[in-house]
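>>> no FASTA, just this:
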């Protein structure tokens, strides 16, 4: 009971917008300890729901495109428009080296110090699914704390984009000003997710190249089926350095949000995202339970040994284990 | 019983090396129908185990590197060394367009017609985890049918490489002859998986660039921790066009296999892979069961509705559903 009271209090403090409580709550949802997972579920269940929907935007792009600089400029502009901004990142990193692409603490210096901004890099070294699910939970906490522009940042080279698209309303892709035959260094498939494409670094010498890249991608996107029949992707240029086009970028994001709210597409999208997330959680929690239940553990051990010796194919072993279960009542 | 007899007969015909039976068996393991999944598990359980281990190689590389041409040359060379070759591909494709990168039927023309080769592209449009697991099952079927060199081909840009590395013993990365600062178009992290790196198209004008690329990657790989302490990655060049270096590539693969067999690393690696696969299968099958059990379905419906309405966070809903379960006995 004391435990639940604790979490109720934490939920209240998060909802009151207390920055330290929010940071503490995110640390809890990021924990992989079994006991903390239960506490995190309780905490999320205790948050108030409802209110005007926040703007949830994924921002992705190849290394070197200037994502941090853009997010800083974009976030500060939105704050100037009475928004409160949270930046969360999905960083799958390398599972072998454990290094974080996003570890640099000097990123987004001005934004990170602003009282209307909250920046939280994700922990490195976890499985992608796990990181993405924790980022979703962190997003709900940030929204409960009053942040109404959520930016989910990804690194543009892995599966993290699908995860980011699965938790946001609009997907922004940043590109470099390059010749038509040069590769942007992003994964095939990312352009299909794009709702808004911004060619960054459109300043100085690079203006002509940026204009050509805008034209190239406008043509290219006509060949792709848009993500939603309600929205035709916008291609534009900007410079996070000179700030030119940053205000337009915000206008594009708001236009997308407006269409989605008016048509009910926002509610539909978020409902479907929540349903998928529920299934992922169920699978996770059932798996955790299979690993810890004593009777199951024994049945598993025999089959696992046969699998490890190469005597039994894993699908056959799994079927054998589960065929002995009586239905859960 | 007739069903099981059927599958026993199919298993026998696969083991006798009947090509049509193998194709039919792979079609069965690729089916996503619930009934076929059970049949596939039974079929895999009926295959004989044991015998000398096959050589399992993953081959990856950026678009345009000449993967098909290389695999054709490499496969035909191995057949000349008394091997029987199966080529399987993991193709995550685009989940939106459903198009297949590997769909071209004119690939590997000579190899595909050879009686000692079996080529099977994976179906497009499935989830990556699913495709990868079906590829693993197809691999076991091919081995039972007497194929002793298994090539798992991936497209070099997604999560499929991790999946391919998780079902093979050696990972071969093909690269283009490029200047040191040009990007190869492969995902960060792939080089960390590489056991053997081959710079393809080392012919004609491109010889000097290929030699420089070999030197660059030899230096670069020294900075990365190798996948296994027992094997230092090899970097070499080849030309699938002139066939120069293809024989050496086969020698490198055999050297890697020899070290892994002699040290017991092959058995250890495969045991660990089988254990992981078992857990993935268990999770899959439990999830399928949660979706179909009538009593669970009802409990789920209420929570799912609350989640979809945005009234309950998915982790909290999952915990609520599972807290009502009695332990499976």
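Sure thing, it's come through. Since the structure is predicted, the reported quantities are computational estimates derived from the model, not experimental observations.

>>> how about the helices in the stretch 51-200 of chain A?
A:67-80, A:109-113, A:128-144, A:160-165, A:190-193 (DSSP state H, counting those that start in this stretch).

>>> ok, and what's touching the second one?
Yep, that's helix A:109-113 we're talking about. Contact partners of helix A:109-113, identified using Cβ atoms under 8 Å, 6 or more residues apart in numbering or on different chains, comprise A:71-72, A:75-76, A:85, A:87, A:117, A:119. For glycine as for every other residue, the C-beta is placed from the backbone atoms N, C-alpha and C.

>>> residue A:321: what's it in contact with?
Taking Cβ under 8 Å, 6+ apart as the definition of contact, the neighbours of residue A:321 are A:296, A:299-300, A:303, B:282.

>>> go with 6 Å
Counting by Cβ atoms under 6 Å, 6 or more residues apart in numbering or on different chains, residue A:321 makes contact with A:299, A:303.

>>> show me the shaky parts of chain A.
Applying pLDDT under 70 to chain A flags the ranges A:1-4, A:91-106, A:122-131, A:156-158, A:179-183, A:185, A:187-189, A:323-329.

>>> mind redoing it with 50?
Under the criterion pLDDT under 50, the flagged ranges of chain A are A:1, A:94-105, A:125-126, A:327-329.

>>> all strands of it, in order?
With DSSP state E as the criterion, chain A has strands at A:55-60, A:85-90, A:117-120, A:149-154, A:170-175, A:196-199, A:234-237.

>>> ok, stretch A:297-312 near chain B or not?
Yes. Counting by Cβ under 6 Å from any Cβ of the partner chain, chain B has neighbours in stretch A:297-312: A:307-308, A:310-311.

>>> ok so, going back, turn the strands of chain A into CSV, including mean neighbour count.
Listed next are these as CSV, based on neighbours: other Cβ atoms under 10 Å in any protein chain shown:
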stretch, mean neighbour count
strand A:55-60, 25
strand A:85-90, 25
strand A:117-120, 22
strand A:149-154, 27
strand A:170-175, 26
strand A:196-199, 26
strand A:234-237, 21
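
>>> out of the ones you listed, which gets nearest to chain B?
Each of the strands of chain A was scored for nearness to chain B using Cβ to the nearest Cβ, and the closest is strand A:170-175 (11.8 Å).

>>> count the residues that sit near the closest residue to residue A:34 other than its chain neighbours.
Leaving aside its chain neighbours, residue A:34 sits nearest to residue A:288 (6.5 Å; criterion: Cβ to Cβ, 6 or more residues apart in numbering or on different chains). Using other Cβ atoms under 10 Å in any protein chain shown, the number of residues around residue A:288 comes to 13.

>>> how near is residue A:288 to residue A:45?
The span separating residue A:288 from residue A:45 equals 18 Å under the rule Cβ to Cβ, to the nearest Å.

>>> picking that back up, want to throw the helices of the stretch 51-200 of chain A into CSV with mean neighbour count?
Formatted as CSV, the entries for these read as follows, by neighbours: other Cβ under 10 Å:
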stretch, mean neighbour count
helix A:67-80, 21
helix A:109-113, 14
helix A:128-144, 22
helix A:160-165, 23
helix A:190-193, 21
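
>>> can I get these in JSON lines with distance to residue B:136?
As requested, these are exported to JSON lines (distance: least, Cβ to Cβ, whole Å):
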{"stretch": "helix A:67-80", "distance to residue B:136": "36"}
{"stretch": "helix A:109-113", "distance to residue B:136": "45"}
{"stretch": "helix A:128-144", "distance to residue B:136": "19"}
{"stretch": "helix A:160-165", "distance to residue B:136": "22"}
{"stretch": "helix A:190-193", "distance to residue B:136": "28"}
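
>>> which residue does the stretch 151-300 of chain A have closest to chain B?
residue A:281 (3.7 Å).

>>> report the contact partners of the closest residue to that residue other than its chain neighbours.
Distances taken as Cβ to Cβ, 6+ apart place residue B:318 nearest to residue A:281, at 3.7 Å, with adjacent residues excluded. With contact set as Cβ under 6 Å, 6+ apart, residue B:318 has these partners: A:281-282, A:285.

>>> in helices, which of these appear?
Among the contacts of residue B:318, the ones falling in helices (DSSP state H) are A:281-282, A:285.

>>> from the chain's centroid, how far away is stretch A:236-256?
Relative to the centre of its chain, stretch A:236-256 is centred 21 Å away, using Cα atoms, centre = their mean, to the nearest Å.

>>> show residues contacting that stretch.
Counting by Cβ under 6 Å, 6+ apart, the neighbours of stretch A:236-256 from elsewhere in the structure are A:57, A:66, A:69-70, A:73-74, A:77-78, A:170, A:195-196, A:198-200, A:202-203, A:210, A:214, A:234.

>>> swap in stretch A:148-156?
Identification of contacts with stretch A:148-156 by Cβ under 6 Å, 6+ apart yields A:54-62, A:71, A:78, A:83-90, A:101, A:139, A:160-161, A:164, A:168, A:186.

>>> intersect those residues with the contacts of chain B.
Near chain B, taking Cβ under 6 Å from any Cβ as the test, no member of the contacts of stretch A:148-156 is found.

>>> quick check: closest non-adjacent residue to the spatially most central residue of chain A.
If you average the C-alpha coordinates of chain A and look for the closest C-alpha using Cα atoms, centre = their mean, you land on residue A:164, 3.6 Å from that point. Residue nearest to residue A:164 in three dimensions, not counting chain neighbours: residue A:58, with 3.9 Å by Cβ to Cβ, 6+ apart.

>>> could you check how far that neighbour is from residue A:167?
Using Cβ to Cβ, we find residue A:58 at a distance of 8 Å from residue A:167.

>>> repeat that for residue A:115.
From residue A:115 over to residue A:167 the distance is 26 Å, taken as Cβ to Cβ.

>>> neighbour count winner among those two?
Here residue A:115 and residue A:167 are set side by side on neighbour count (other Cβ under 10 Å), and the busier one is residue A:167, at 23 against 8.

>>> now the more buried one, nearest residue through space, not along the chain?
Spatial nearest neighbour of residue A:167, chain neighbours left out: residue A:136 (4.9 Å); criterion: Cβ to Cβ, 6+ apart.

>>> I figured that neighbour was touching residue A:166, is that so?
No. Proximity of residue A:136 to residue A:166 does not meet the contact threshold set by Cβ atoms under 6 Å, at 8.4 Å.
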